[in-house]
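1. Sequence first, predicted model second:
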Amino acid sequence: MNYHSSRLQRQGFIILMICSAIMLGIGIYMFVADFNSTSIVTSWRSNPSEQTISWQTPVFGAIVMLILSILIKIDKPKLPKMDIQGKRTFVFEKITDYLKENDFKKRGFHFFKSNGSIGYCVNIQNDKWNDANQIRFTLNVGIFTEAFWLNVRISRIPG
């Protein structure tokens, strides 16, 4: 995780913890003082109605915010330390595994699948400007009809 996202994660955690503490304090005050907040709620569809909020509402909100802040604080699993080529290989293997699990056949970086009348193809294309610091690639996706594909292939065969 880079510095910027780590900092945002930390700030989000702190903000949610502060809001949670404030709401919990309001809920405790409402409970101790036996205080209910009543307000008039209006709507253009119906007549005004009276709504009462008891101490449970801010306490529930505080619990939800506390859970969210804990979820933000938990680090997501990270990729193992790898060089840039290792990361490229890792990503390509994940794509390959997914496509193979979905019955795609592989030839180099070309994957294809047919269900009878329609065919699907996926191609992983490396960027020619890749270097030791950055790897980019393009994922080409296509759909074709086998009748068209066979007509094009047959017309290209010298006869």
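-> Nice, thanks for sending it over. In this text the structure is predicted, and so the values were computed from the model without any measurement.

2. List the residue ranges of this structure that fall below the pLDDT cut-off.
-> Applying pLDDT under 70 to the chain flags residues 1-8, 38-51, 75-80, 146, 148-159.

3. one more time with 90
-> Low-confidence segments of the chain, defined by pLDDT under 90: 1-104, 106-159.

4. domain ranges for it?
-> 3-73, 84-156 (automatic domain parsing).

5. how far does the shortest one sit from the chain's center?
-> Once both centres are worked out by C-alpha atoms, centre = their mean, to the nearest Å, domain 3-73 turns out to sit 26 Å from its chain's centre.

6. What distance do you get for Asn126 to Ile95?
-> As judged by C-beta to C-beta, to the nearest Å, Asn126 and Ile95 stand 13 Å apart. C-beta: built from backbone N, CA, C; applies to glycine.

7. mind giving me CSV with the domains of the chain and columns for mean neighbour count?
-> What follows is the domains of the chain, written out as CSV (neighbours: other C-beta atoms under 10 Å):
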stretch, mean neighbour count
domain 3-73, 13
domain 84-156, 12
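
8. residue ranges of the helices in the chain, please?
-> 3-32, 56-73, 84-101, 146-156 (DSSP state H).

9. Which residue is the nearest non-sequential neighbour of Thr138?
-> The spatially closest residue to Thr138, leaving aside those adjacent along the chain, is Gln125, at 4.4 Å (C-beta to C-beta, 6 or more residues apart in numbering).

10. which ones are touching the one you found?
-> Phe109, Phe137, Thr138, Leu139, Asn140 (C-beta atoms under 8 Å, 6 or more residues apart in numbering).

11. If we only consider those, which is nearest to Lys87?
-> In terms of C-beta to C-beta, no member of the contacts of Gln125 lies closer to Lys87 than Phe137, at 11.3 Å.

12. Specify the beta-bridge partners of that closest one.
-> When assigned by DSSP bridges, Phe137 has beta-bridge partners Asn126.

13. What of Ile118?
-> In this structure, Ile118 bridges to Thr145 when assessed by DSSP bridges.

14. Turn the contacts of Gln125 into CSV, including distance to Val64.
-> Listed next are those as CSV, based on distance: C-beta to C-beta, whole Å:
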residue, distance to Val64
Phe109, 46
Phe137, 41
Thr138, 42
Leu139, 38
Asn140, 44
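
15. quick check, nearest of these to Arg88?
-> When those are compared for distance to Arg88 (C-beta to C-beta), Phe137 wins out at 7.6 Å.

16. Could you tell me which residues make contact with the closest one?
-> Contact analysis of Phe137 by C-beta under 8 Å, 6+ apart lists Arg88, Val91, Phe92, Ile124, Gln125, Asn126, Asp127.
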